[in-house]
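Peer 1: What follows is a predicted structure for the sequence shown.
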Amino acid sequence: MEYFSKDISRLINELAHLPGIGPKSAQRLAYHIINGPKEQADQLADSILKARNNVHYCKICCTLTDSDICPICSSDKRDHSQIMVVENSRDMSAYEHTGKYNGVYHVLHGAISPMLGIGPEDIRLKELMARLKDDIEEVIIATNSSLEGETTATYLTKLIKPLGIKVSRIASGVPVGGDIENIDEVTLLRALDGRIIL
Ligand code: ZN
């Protein structure tokens, strides 16, 4: 017998679709939302809709932004000749939080994985290659040190080095298989400073 109201069940189901949220957590969150102030629920719903509808990829670096060109790409204080290639916008935020990197980024939105059937054409690689026509001095490959991240790094190096652009790979210190977004700032900076020219 269905003992929840349809609306509550629907909310629980939707919440349970979120990553890391199991049925119990979904139930807890649903009750929290329902029992809390109505304004809070309105704001939550509104912020989800606004973010989903207004956020898209930056026309240059492909990170998520609500303007055509993201603040980093539009800044004249950044070094636009140095591009750090990351797998996703969360990795970019991790490096940005260190406050020590002054170049720009390129977000691939994934990594090459023959096992999962993700090829070079499935990530934002074409967009990166188009940027390399400008005056670029160095491409820093900061993909994760997982199998997919390493595969992507090798692929990128083979593609970019013949163009006469310096290619480097962030150093170890980022543990094998470790996600960049979960690594502390000191380790991230050490990995960046100790990057190896390929
Ligand atoms: Zn951008």
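Peer 2: Here it is on my side, so go on.

Peer 1: any idea how far the ion is from the most centrally placed residue in the chain?
Peer 2: Nearest to the mean C-alpha position of the chain, counting by Cα atoms, centre = their mean, stands residue 88 at 1.8 Å. According to Cβ to the ion, to the nearest Å, residue 88 stands 14 Å off from the ion. C-betas here are computed from N, CA, C, even on glycine.

Peer 1: same deal with residue 25?
Peer 2: 34 Å.

Peer 1: Any stretches of this structure with poor pLDDT?
Peer 2: For the chain, the stretches with pLDDT under 70 are 1-3, 172-178, 180.

Peer 1: which parts of it sit against the ion?
Peer 2: Counting by Cβ under 5 Å from the ion, the positions of the chain adjacent to the ion are 58, 60, 61, 70, 73.

Peer 1: could you dump these to a markdown table with distance to residue 92 and neighbour count?
Peer 2: What follows is these, written out as a markdown table (distance: Cβ to Cβ, whole Å; neighbours: other Cβ atoms under 10 Å):
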| residue | distance to residue 92 | neighbour count |
| --- | --- | --- |
| 58 | 10 | 23 |
| 60 | 13 | 22 |
| 61 | 8 | 25 |
| 70 | 9 | 23 |
| 73 | 11 | 21 |
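
Peer 1: hang on, the earlier thing: list the contacts of the residue nearest to the centre of the chain.
Peer 2: By Cβ atoms under 8 Å, 6 or more residues apart in numbering, residue 88 lies in contact with 107, 108, 109, 110, 181.

Peer 1: now for the residues of the chain next to the ion, which pair is the farthest apart?
Peer 2: 60 and 70 (7.4 Å; Cβ to Cβ).

Peer 1: Give the partner strands of the longest strand seen in the chain in its sheet and their orientations.
Peer 2: Longest strand in the chain, counting residues (DSSP state E): strand 79-86. Sheet pairing for strand 79-86, assigned by DSSP bridges, gives strand 103-107 (parallel), strand 138-141 (parallel).

Peer 1: nearest to residue 17, of those strands?
Peer 2: Nearest to residue 17, of the strands paired with strand 79-86 and by Cβ to Cβ, is strand 103-107 at 23.9 Å.

Peer 1: OK, contacts around residue 192?
Peer 2: 95, 98, 100, 101, 140, 142, 170, 171.

Peer 1: ok and whichever strand or helix holds it relative to strand 79-86, angle-wise?
Peer 2: Element membership for residue 192 (DSSP states H and E) is helix 185-193. If you take axes from the mean of the first three to the mean of the last three Cα atoms, to 10 degrees, helix 185-193 sits at 110 degrees to strand 79-86.
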